[in-house]
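Chemist: Could you work out the structure for the sequence below:
(one chain, ligands or ions: 1)
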Amino acid sequence: MTKPLIVITGASSGIGAATARAFSELGHPLLLLARRLDRLEDLKLPNTLCRAVDVTDAQAVSDAVAEAELQHGPVDAIVNNAGVMLLGRIGDQPTQEWRTMVDVNVHGLLNGVYAVLPGMVERGRGTVINVSSVAGRKGFPNHTVYCGTKFAVHAMSENLREEVAAKGVRVTTIAPGAVETELLSHTSDDGIKADYQAWKEANDVLTAEDVAATIRFAYEQPQRVCVREIVVAATGQQ
Ligand code: NDP
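Modeler: Next comes the predicted model:
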């Protein structure tokens, strides 16, 4: 049987790339979005449309979804995974870094929802999977704005579920603990970055594949079952 189309944002590295591989193994056609097209194409996944899209550009996200649907039929799931973590102290962090996190982690996620939701509601089925974080449930030092964006992901997901549950659309929040990916590399404060890197090296962290398997588990439940939220972290993480 032909598998339906799945959209994954931020698929050029880490959790998004691992999730793309996991759904491709199941035979799904994919639309992969990120700014680095070469990294999307390097995955070399069959039946996959790769588009260089900045998720903060709502029109570009919607255009890519429309293009993929022409090729592969309606979107059955979106994994809103694109995100940035720019750790810093509020008192001396460049304020542009706040804006980048809010733009990508909040508006970018909403743009993904906006591009697929009308079609899902019309068909009476679909799955929106939003990647949050343990940092969307509790605070950590130097994470103020990042935590703010991830608490927002939880809040928006809860509200979205209320809006669309009766219309047959599932909304799932995945909240991983620390995962070994490129996420930390974009933090501009070298001291904070070094401390977090040292913490990661001294502690147990997840792999991107661990999180991808969790996302796949949530999606693979029967349509009548909505996995509302999964918090997943390395056993040794406190
Ligand atoms: P990576 O840095 O490896 O991946 C982030 C992805 O987001 C990349 O593919 C990047 O692609 C994409 N991205 C960033 N900005 C944009 C943008 N403006 N437009 C489109 N794509 C964008 O990190 P992770 O895999 O770890 O992160 C994935 C998600 O998991 C994030 O939402 C993160 O907050 C969350 N998370 C991560 C944890 C961790 O410890 N690693 C823990 C908990 C949650 P490109 O640069 O090519 O645009």
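Chemist: Contacts made by the host helix or strand of residue 149 with the rest, please.
Modeler: Assessed by DSSP states H and E, residue 149 sits inside helix 144-164. The contact list for helix 144-164 (C-beta atoms under 8 Å, 6 or more residues apart in numbering) reads 83, 85-88, 90, 93, 97-98, 101-102, 105-106, 109-110, 113, 117, 120-121, 128, 130-133, 135-140, 170-173, 175, 226, 228-229. For glycine as for every other residue, the C-beta is placed from the backbone atoms N, C-alpha and C.
Chemist: count of residues packed around residue 176?
Modeler: A total of 26 residues lie near residue 176 under the criterion other C-beta atoms under 10 Å.
Chemist: what's the closest non-adjacent residue to it?
Modeler: residue 211 (4.8 Å; C-beta to C-beta, 6 or more residues apart in numbering).
Chemist: buried set for the host helix or strand of the one you found?
Modeler: Residue 211 is part of helix 208-220, with elements assigned from DSSP H and E. For helix 208-220, burial by neighbour count (16 or more other C-beta atoms under 10 Å) applies to 208, 210-212, 214-216, 218-219.
Chemist: partner residues bridging residue 78?
Modeler: residue 7, residue 128 (DSSP bridges).
Chemist: Which residues of this structure lie near the ligand?
Modeler: Counting by C-beta under 6 Å from any ligand atom, the chain comes close to the ligand at 9-16, 34-36, 39, 54-56, 81-85, 104, 108, 131, 133, 176, 178-179, 181-183, 208.
Chemist: Any chance of a PyMOL selection covering the buried ones in those residues?
Modeler: Remark: buried members of these, expressed as a PyMOL selection using 16+ other C-beta under 10 Å:
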select buried, resi 9+10+11+12+13+14+15+16+34+39+55+56+81+82+83+84+85+104+108+131+133+176+178+179+181+183+208
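Chemist: which ones among the residues of the chain next to the ligand are found in strands?
Modeler: 9, 34, 131, 176 (DSSP state E).
Chemist: which residues are contacting the helix holding residue 211?
Modeler: 6, 14-15, 17-19, 21-23, 26, 77, 79, 127, 129, 131, 172, 174, 176, 179-181, 227, 230, 232.
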